[in-house]
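Participant: sequence-free structure coming up:
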């Protein structure tokens with residue numbers, strides 16, 4: 001009978017391969033998470049932490065968002081942050097809204113409570129914000145009109161066709177009003 005050469009710390013060659021495989025898996029998972037965190041949300045894939053230059057000055061006029069195709073919002077969804085791409089629009093008076101079609105069935109929206117703190121990323125700038133779901137019909141109509149105008153001005157996209165000027169909002173369309181969380 002031939003004797004196997006000793007391995008460090010009494011590990012068998014099979015256990016050593018398993019250990020090396022687990023280490024490689026952890027490295028790949030950590031690298032994948034790092035890439036995911038820095039590049040997503042992308043299309044319909046949510047992200048984690050929104051990175052960027054954090055803006056410390058309060059914003060009272062959000063009209064500039066009408067020049068930006070999509071906003072990225074990050075909220076807390078349990079123990080980890082959850083970030084998604086959404087339509088954003090400002091009304092003529094500079095109030096900021098996010099919109100969501102079929103929102104009742106989406107994961108992130110069920111985690112938005114009253115005065116929910118979040119982070120909004122626009123062109124690599126991150127703004128601390130407070131979100132509130134809009135329930136008032138008149139305010140929903142204002143947000144819808146701002147959305148229609150923005151899409152007609154910018155043109156639509158694969159998930160946002162350009163609506164006609166007289167488009168009616170669906171009951172499944174939700175809107176959230178945002179305000180700056182910086183005092």
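Facilitator: Now that the structure is in, tell me what you want to look at. Remember, predicted model here, so these are calculated numbers, not experimental data.
Participant: check contacts around residue 119.
Facilitator: By CB atoms under 8 Å, 6 or more residues apart in numbering, the contact list for residue 119 reads 50, 73, 74, 83, 126, 127, 128, 129. The C-beta positions use only the backbone N, C-alpha and C, and glycine is treated the same way.
Participant: typed the wrong thing, it's residue 75
Facilitator: Listed by CB under 8 Å, 6+ apart, the contact set of residue 75 reads 81, 82, 83, 108, 111, 112, 116, 117, 118, 131.
Participant: how about a cut-off of 6 Å?
Facilitator: By CB atoms under 6 Å, 6 or more residues apart in numbering, the contact set of residue 75 is 82, 111, 112, 116, 118.
Participant: out of those, name the ones that lie in helices.
Facilitator: Among the contacts of residue 75, none falls in helices (DSSP state H).
Participant: spatially, which two of these are the most separated?
Facilitator: Across those, the longest distance by CB to CB is 11.6 Å; it joins 82 and 116.
Participant: just give me the longest strand of this structure.
Facilitator: Within the chain, and with DSSP state E defining each element, the longest strand by residue count is strand 80-90.
Participant: give the other helices and strands that the helix or strand following that strand contacts.
Facilitator: Downstream of strand 80-90, the next assigned helix or strand under DSSP states H and E is strand 96-101. In terms of contacts (3 or more CB pairs under 6 Å, 6 or more residues apart in numbering; DSSP states H and E), strand 96-101 is packed against strand 80-90, strand 173-180.
Participant: tell me the strands beside strand 96-101, with direction?
Facilitator: Its sheet considered, strand 96-101 pairs with strand 80-90 (antiparallel), strand 173-180 (antiparallel) by DSSP bridges.
Participant: hmm, who's touching the shortest one?
Facilitator: Contact with strand 173-180 is made by 58-59, 96-101, 103, 129-134, 140, 143, as judged by CB under 6 Å, 6+ apart.
Participant: now do 7 Å
Facilitator: Strand 173-180 has contacts (CB atoms under 7 Å, 6 or more residues apart in numbering) with 58-59, 95-101, 103, 109, 112, 120, 127, 129-134, 140, 143.
Participant: restricted to buried residues, select those residues in ChimeraX.
Facilitator: Only the buried entries of the contacts of strand 173-180 go into this ChimeraX selection, using 16 or more other CB atoms under 10 Å:
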select :59,95,96,97,98,99,100,103,109,112,120,127,129,131,133,134,140,143
